[in-house]
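> Predicted structure and sequence below. I'll ask about it afterward.
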Amino acid sequence: MNQDTFDLLSTVEYGGCSAKLAPTELTELLNTIPLLKSSNIMVDIETHDDAGVYKINDETALIVTTDFFPPVCSDPYTFGQIAAANALSDVYAMGGTPLLSLNLTMFPSQDIPLTVLRDILAGGQDKINESGAFTMGGHTIEDAVPKYGLAVVGTVHPDKLVTNSGIKAGQKLILTKPLGIGVLIAAQRLGMAEDAAYEAALAQMKLLNKVGAECMRPYHITGATDVTGFGLLGHATKMAQASGVSIQFESDKLPILPSVIDLLEMGCVPGAAFRNLKYVKDDIHVANTCSTEHKMVACDAQTSGGLLIAVDADKADSLLADLHASGLHPDAAIIGEAIPQRNKAIYLL
Amino acid sequence: MKQINTLGKLCPAPLILTKKGITEASEGETIEVISDNETAFQNLMSYLAELKITPSYKQDGSLFTITFEKPAAVNEEVDAAAYCNTTQNKAYMVAIKGDTMGTGDDELGKILLRAFINSLKEVDTLPEAIVLYNSGVMVALKGTDTAASLQELEDKGVSIVACGTCLDYYDVKNQLAVGMIGNMYKITSLLANTGHVIYP
């Protein structure tokens, strides 16, 4: 066996953010464990935000977050890039800048050539370097299925913190990356994905949310999140509930990767999409006019997905234009609007 | 009868095989799907529900057998012809085009419209959707008993869509208590694609 032929996907059943524990069970379990509190903690687990935030002084707050998962693609270097981009994303979603990073690695050194491990770490470092963060070390243990990710510390000015509880009714919601990443990963495993579509999914997963976060900075954004394992509807439900608003999405405005709707029509609906739908179904109303495919793409688990940004209605077009002008987010779109709180957290029309 | 064997297969492969089988089967043909994975079985049941198919199933140890007949038009949510040709499917929607019902005295018209909306939730077959336009949006505003009835209907799965232009025109967008805000394209699509429309 050599690294040129080693297919990382041969080691896993579920990959990426699809491998997350079911949110329903996780919430119940965490509720039973008491935590210490501090007045310096600006964001903790209670609002189900992307990361924890601790205020050190009036100038600086620390953002701490971690994310790791089993392979989502065959190529080790690409997997490293994706896992690192995904882990760094939480810092960007909170308006921060990555500062320090640690590698979290599990690897079966007897079964897979160590050059594969080197490539995973090199891919990760490529994205860490792009973010400007410093790698301070890491931890590697033996495990049958490789897993890789980061623990990241970022910084943000306490007054410029962006949370998932900071949305106001009347604001527009912009999504910076197209949906359907989970569908294309599943299709690739079954040999159903077109090369161009799968390449597009890989490109989106490798793309740091750095530029997206830089674009939102001048607009004094207070509410945003990144869309990952719980899908658009899962993360938006948490955002709406934490902010005390409801959100209406327009299904025909959702940016979607090529061929994803066709794959969904063929029945290529990943298990994680059903899991996510089950988690939110009591909190959402899906219009009878919305197609099954659009509903499922809105529940599709994203790995290293885009930012979902709430912006004042009169500035939405300007922020969208900035995202498009960056050249990195051509699919960014205004996909909905926050409305005063109703019976349901999310409406998908 | 058509049998679809998904033994040993994990999601989404069983769904893909099932969808392919449904497409290939003839209308009314019995389809049997077998699975030996509980998660795949649960997802198959959810998926068939999305396709508006109500299957029966049996479990024998770790073996699941799902049985259903291929319906007339699978997953054709907006097939007006199908609605018209069957007596069983009474899919319809309601368009509330003003804040009164019928022609005559406005005060009476308002009483009638309130009674209509409040009784709609009692009928056997609920509408697929209710669209509200022009002064019809008033029935969905905070503090009205009709909004409470519309909320009950929405909780039962009826989509309520209020015209956004109308809410802006009457400057009541922030008072909307129930439903979604739709543009004219959404409203037109609903009216054009639903078998029949009731204008009270």
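Done, it's in.
> Checking residue A:173 next. Helix, strand or coil?
strand (DSSP: H, G, I helix; E, B strand; the rest coil).
> Please list all residues in contact with the most centrally placed residue in chain A.
Centroid-nearest residue in chain A: residue A:228, 2.8 Å away (criterion: CA atoms, centre = their mean). Residues near residue A:228 by CB atoms under 8 Å, 6 or more residues apart in numbering or on different chains: A:17, A:67, A:86, A:89, A:235, A:301-305. Just so you know, the C-beta spots here come from the backbone N, C-alpha and C atoms, and that holds for glycine as well.
> care to break chain A down by domain?
Structural domains annotated on chain A: A:8-160, A:172-348, as defined by automatic domain parsing.
> Now do the contacts for the residue in the stretch 201-349 of chain A that chain B sits nearest to.
The stretch 201-349 of chain A approaches chain B most closely through residue A:267 (3.3 Å), counting by CB to the nearest CB. By CB under 8 Å, 6+ apart, the contact list for residue A:267 reads B:12, B:15-20, B:47.
> now it: how far from residue A:301?
17 Å (CB to CB, to the nearest Å).
> Please list the members of the contacts of residue A:228 that lie in strands.
residue A:67 (DSSP state E).
> Filtering the contacts of residue A:228 by proximity to chain B, which remain?
Within the set of the contacts of residue A:228, contact with chain B (CB under 8 Å from any CB of the partner chain) is found for no member.
> three-state assignment of the residue lying closest to residue A:132 once chain neighbours are set aside?
Closest residue in space to residue A:132, ignoring its immediate chain neighbours: residue A:98 at 6.6 Å, by CB to CB, 6 or more residues apart in numbering or on different chains. Classification of residue A:98 using three-state DSSP returns strand.
> try residue B:161
Relying on three-state DSSP, one would call residue B:161 strand.
> what's the neighbour count on it?
25 (other CB atoms under 10 Å in any protein chain shown).
> what does the one 4 residues further on give?
Counted by other CB under 10 Å, the residues lying close to residue B:165 total 15.
> what's the distance between it and chain A?
15 Å (CB to the nearest CB, to the nearest Å).
> try residue B:95
To chain A, residue B:95 is 14 Å away according to CB to the nearest CB.
> can you give me the helices in the chain?
Using chain A. A:23-30, A:76-93, A:114-131, A:181-189, A:195-206, A:210-216, A:231-243, A:260-265, A:271-280, A:292-299, A:316-325 (DSSP state H).
> actually it's chain B I care about, not the one you picked
Using DSSP H, helices in chain B cover B:13-24, B:38-50, B:80-85, B:106-120, B:145-155, B:164-169, B:184-193.
> Rounded mean pLDDT for the third one, please.
Which is helix B:80-85. Helix B:80-85 carries an average pLDDT of 46.
> same check, this time on the last one
If you average the pLDDT over helix B:184-193, you get 90.
> now swap in stretch A:74-81 and tell me
Here the average pLDDT along stretch A:74-81 is 96.
> got the CA coordinates for that stretch in CSV?
C-alpha atoms of stretch A:74-81 as CSV (Å, rounded to 0.1, in the frame of the first residue of the first chain):
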residue,chain,number,x,y,z
SER,A,74,-10.0,10.4,-0.5
ASP,A,75,-6.9,12.8,-0.7
PRO,A,76,-5.1,13.3,2.6
TYR,A,77,-3.8,16.8,1.8
THR,A,78,-7.3,18.0,0.8
PHE,A,79,-8.8,16.4,3.9
GLY,A,80,-6.3,18.3,6.1
GLN,A,81,-7.3,21.6,4.4
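> For residue A:209, which residues are in contact?
A:85, A:88-89, A:92-93, A:176, A:226, A:306-307.
> what about the residue of chain B found nearest chain A, how many neighbours?
Nearest residue of chain B to chain A: residue B:19, at 3.3 Å (CB to the nearest CB). Residue B:19 has 23 neighbouring residues, counting by other CB under 10 Å.
> can you list the weak-confidence ranges in the stretch 1-150 of chain A?
A:1-5, A:13-20, A:22-23, A:47-48 (pLDDT under 70).
> how about a cut-off of 50?
Filtered on pLDDT under 50, the stretch 1-150 of chain A yields the residue ranges A:1-3.
> ok, back up a step: kindly compare burial across the domains of chain A and name the winner.
domain A:172-348 (a mean of 22; mean count of other CB atoms under 10 Å in any protein chain shown).
> pLDDT value on the closest residue in space to residue B:37 that isn't next to it in sequence, please?
Of all residues not flanking residue B:37 in the chain, residue B:10 sits nearest, at 6.3 Å (CB to CB, 6+ apart). Among the per-residue scores, residue B:10 shows a pLDDT of 86.
> try residue B:1
pLDDT, residue B:1: 89.
> That one reaches residue B:28, doesn't it?
No. Counting by CB atoms under 8 Å, residue B:1 stays clear of residue B:28, with 11.2 Å between them.
> now the end-to-end length of stretch A:49-69.
19 Å (CA to CA, to the nearest Å).
> and what of stretch A:158-170?
25 Å.
> ok, the nearest residue to residue A:193 once chain neighbours are set aside - contacts?
Nearest non-adjacent residue to residue A:193, counting by CB to CB, 6+ apart: residue A:187, 3.9 Å away. By CB under 8 Å, 6+ apart, the contact list for residue A:187 reads A:193, A:198, A:263, A:268.
> and the residues you listed, which two are the farthest apart?
A:198 and A:268 (12.5 Å; CB to CB).
> Can you pull up the most central residue in chain B?
Geometric middle of chain B (CA atoms, centre = their mean) lands on residue B:128, at 4.5 Å.
> Look up phi and psi at the nearest residue to that residue once chain neighbours are set aside.
Distance criterion CB to CB, 6+ apart; nearest residue to residue B:128, sequence neighbours excluded, is residue A:288 at 4.7 Å. Torsion angles at residue A:288 (phi, psi; degrees, to the nearest 10) stand at phi -60, psi -20.
> quick revisit: I'd like the contacts of residue A:187 as JSON lines, with pLDDT appended.
JSON lines is the format used below for the contacts of residue A:187 (pLDDT from 0 to 100):
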{"residue": "A:193", "pLDDT": "95"}
{"residue": "A:198", "pLDDT": "97"}
{"residue": "A:263", "pLDDT": "97"}
{"residue": "A:268", "pLDDT": "96"}
